[in-house]
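S.K.: build me a structure from this.
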Amino acid sequence: MQSGGWPAPVEVEAAGHLGHVFASRAPARAGAPRTAVVLIHGIGVSHRYFTRLQGLLAESVDTYAIDLPGFGATPRPERTLSVEDQATYILGALEQLGVLEFVLVGHSMGAQFATAAALQQPHRISQLVLMGPVVDSKRRTVLQQALALSRDSLFYESPSSNALVLTDYFRCGASWYLKTLRVMMDYPTEKRIPGVTAPVLVIRGADDPVASVDWCRRLAGRAANGQLLEIEGAGHVVQHNRSEDVAAAILDFAGIRRPAEEVHPGRPG
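M.R.: Take a look at the predicted model:
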C-alpha cells in the first residue's frame, strides 16, 4: 500500500478468482479514526476512471479501487460471473487485506455489485453510495441502454472520460462484455435495494441519460434510508468529470472531515 503517488496493484485471489486492488493509505491524523472507502467500477471498465476521485479521497481516507475478475488487466474467469459472484469477490479480497468495515461506492454496474455486497455482509458496509446506477426498470432492454450510453458519450462526456472508457472496453473484449451485459440486464436493483440496511446515497450527473432522475429518485425512495444527489454539468461518468464534487459528497455522507476542515489548536475554528 502506498501513501502518495498512484498506488501499485496488488493481485488478490478470493472466491476462486483473481482481481487487482489499488490501495492508497491516507496520512495519519491525530485522534482521527482510519476510514476506508472502496470504489467498484462498472461493466467493461476498470479502476482507471476513478483515478481523480481516488486521489482526492486519499487525502482524507484509505481508498481501495478494485479491478474485478475479468476486467482491466485481470485474467478472464472460466465462466460468466453473476452479480453475487463479484460481490463475494469484493468482500473476500478486502477481508484478506484486513479491510473489515468500509464505505462502498459503486458506479453503473458497479452499483449492482455494491448492492449485492451490502446484502451479503451488511455488518461490514457503513454507507453505500450508488453512482449512475443501472438498470432503469422502465428501460430494461439492451437497445434502450445502448442508445442512452451513446447519447451520453456524444453529448455529455469529456474527451478524457470517453478515452478512458473506450480503451477499457477494447481491453475487456466483446465476448466478456456481452456475457456480463446479460448479467447486468437481468439484475433487478430496484428489488434488491429495500433489503440494504446501510444508509444509501444515490449520485447522478444531472445530464446522465443512462441513470435518469426518475429512476434514481425511485431507487433512493425504495432504500430504507436513501437520498438522491444530482451534480450539475455531468453525465454518466460523473466521478471523473466532477471528481471534486463527488469526493465532497461521499465524505460528507460518511461524516468524514476533510483535512482543511479540521480545527487545529491555537488557530481560529
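
S.K.: dump the residue contacts of the residue found closest to Ser212 once you drop the neighbours it is linked to in the chain.
M.R.: Spatial nearest neighbour of Ser212, excluding adjacent residues (C-beta to C-beta, 6 or more residues apart in numbering): Asp136 at 6.0 Å. In this view, the C-beta of every residue, glycine as well, is placed from N, C-alpha and C. For Asp136, the contacting residues are 144, 210-212, 215, by C-beta atoms under 8 Å, 6 or more residues apart in numbering.

S.K.: pLDDT at Asp136, what is it?
M.R.: If you check Asp136, the pLDDT there is 95.

S.K.: just Ser153 next, same as before
M.R.: The pLDDT attached to Ser153 in the predicted structure is 96.

S.K.: that one sits in which helix or strand?
M.R.: Secondary-structure element containing Ser153, defined by DSSP states H and E: helix 142-155.

S.K.: mind giving me the packing neighbours of that helix?
M.R.: Counting contacts by 3 or more C-beta pairs under 8 Å, 6 or more residues apart in numbering; DSSP states H and E, helix 142-155 packs against helix 174-186.

S.K.: any buried residues in the helix it packs on, and which?
M.R.: Taking 16 or more other C-beta atoms under 10 Å as the basis for neighbour counts, the residues of helix 174-186 that come out buried are 176-177, 179-181, 183-184.

S.K.: state the next helix or strand along the chain beyond that helix.
M.R.: Per DSSP H and E, helix 174-186 leads on to helix 189-192 as the next helix or strand towards the C-terminus.

S.K.: counting contacts, what elements does that following helix pack onto?
M.R.: Helices and strands in packing contact with helix 189-192 are listed as helix 109-120, helix 213-222; criterion 3+ C-beta pairs under 8 Å, 6+ apart.

S.K.: can I get the last one as PDB, trimmed to CA atoms?
M.R.: What follows is the C-alpha trace of helix 213-222 in PDB, where atoms were taken according to Å, rounded to 0.1, in the frame of the first residue of the first chain:
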ATOM      1  CA  VAL A 213     -33.500  11.400 -12.500                       C
ATOM      2  CA  ASP A 214     -36.900   9.400 -12.300                       C
ATOM      3  CA  TRP A 215     -35.000   6.100 -11.900                       C
ATOM      4  CA  CYS A 216     -32.600   7.400  -9.400                       C
ATOM      5  CA  ARG A 217     -35.300   9.100  -7.300                       C
ATOM      6  CA  ARG A 218     -37.300   5.800  -7.300                       C
ATOM      7  CA  LEU A 219     -34.200   3.800  -6.300                       C
ATOM      8  CA  ALA A 220     -33.400   6.200  -3.400                       C
ATOM      9  CA  GLY A 221     -37.000   6.100  -2.400                       C
ATOM     10  CA  ARG A 222     -37.000   2.300  -2.200                       C
END
